[in-house]
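Q: Sequence and predicted structure are below.
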Amino acid sequence: AFDGWRGGWWQATPCAGSELFGIMAGVVVARIGMSHLGQHQAAQNGKDLAQPLPWRTPMPLAKTYLVLVLAIAAEVVATTALSRSESFTRLGPTVVTVIGYALAFWLLSLTLKVMPTGIVYAIWSGVGIVLIAGIGWVWYGQKLDAAALVGLGLILAGVLIVNVFSTSIPH
């Protein structure tokens, strides 16, 4: 069980589970330091820091949907590879899974600048569920009974209703 750090910060020996905390803290400190360094260098070069960075400005809605489709595709590829990784014992599918999920979440995060989190996640997960079920049915011979097909149809209907009729998404 995790019982904190033994000793002072200069002689810290991590207990079980704290390695991840240390890595995360290091990443945060490095990010803050790099951000400060970048601001200092920009100020020295006379750049206006009030200007938004290109990747921080909201995308047009059409581009947002394109990025969301790419996020869904990356997630579907990663999930398909996950089933082939045999509990992460096969290197190729494991690498595809990790890279696919990382790409999917990064792309998903870009869409959150334009659309509400709940709506983005509903679309992403709903379409992903239907696509994964379809891949399992077509490529891997997994059986879908009538109840499964009706349920998948309702998920698609829900995604369509959110996209067509919701005022949460700017149309």
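A: Cool, got the structure.
Q: Return the residues in contact with residue 103.
A: Contact partners of residue 103, counting by Cβ atoms under 8 Å, 6 or more residues apart in numbering, are 71, 74, 78. For every residue, glycine as well, the C-beta is placed using N, CA and C.
Q: any idea which element the last one lies in?
A: Residue 78 is part of helix 61-84, with elements assigned from DSSP states H and E.
Q: Dump the contacts of residue 103 to JSON lines, plus distance to residue 109, pLDDT and neighbour count.
A: Output for these, formatted as JSON lines (distance: Cβ to Cβ, whole Å; pLDDT from 0 to 100; neighbours: other Cβ atoms under 10 Å):
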{"residue": "71", "distance to residue 109": "9", "pLDDT": "97", "neighbour count": "24"}
{"residue": "74", "distance to residue 109": "12", "pLDDT": "98", "neighbour count": "21"}
{"residue": "78", "distance to residue 109": "15", "pLDDT": "97", "neighbour count": "22"}
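Q: just these now: which is nearest residue 164?
A: residue 71 (20.4 Å; Cβ to Cβ).
Q: number of nearby residues for the residue lying closest to residue 142 once chain neighbours are set aside?
A: Distances taken as Cβ to Cβ, 6 or more residues apart in numbering put residue 136 closest to residue 142, at 3.9 Å, once the chain neighbours are dropped. The local packing of residue 136 (other Cβ atoms under 10 Å) involves 16 other residues.
Q: Helix, strand, or coil at residue 136?
A: Following DSSP: H, G, I helix; E, B strand; the rest coil, the label given to residue 136 is helix.
Q: how many degrees apart are the helix or strand residue 154 falls within and helix 61-84 in direction?
A: Assigned by DSSP H and E, residue 154 belongs to helix 146-165. Relative orientation of helix 146-165 versus helix 61-84 (axes from the mean of the first three to the mean of the last three Cα atoms, to 10 degrees): 160 degrees.
Q: Which strands and helices lie in contact with helix 146-165?
A: Secondary-structure packing of helix 146-165 (3 or more Cβ pairs under 8 Å, 6 or more residues apart in numbering; DSSP states H and E): helix 117-138.
Q: okay, the angle between the helix it packs on and helix 146-165?
A: Using the same axes, to 10 degrees: helix 117-138 against helix 146-165 is 140 degrees.
Q: What residues of helix 117-138 count as buried?
A: Neighbour-count burial for helix 117-138, counted by 16 or more other Cβ atoms under 10 Å, picks out 119-120, 122-124, 126-133, 135-136.
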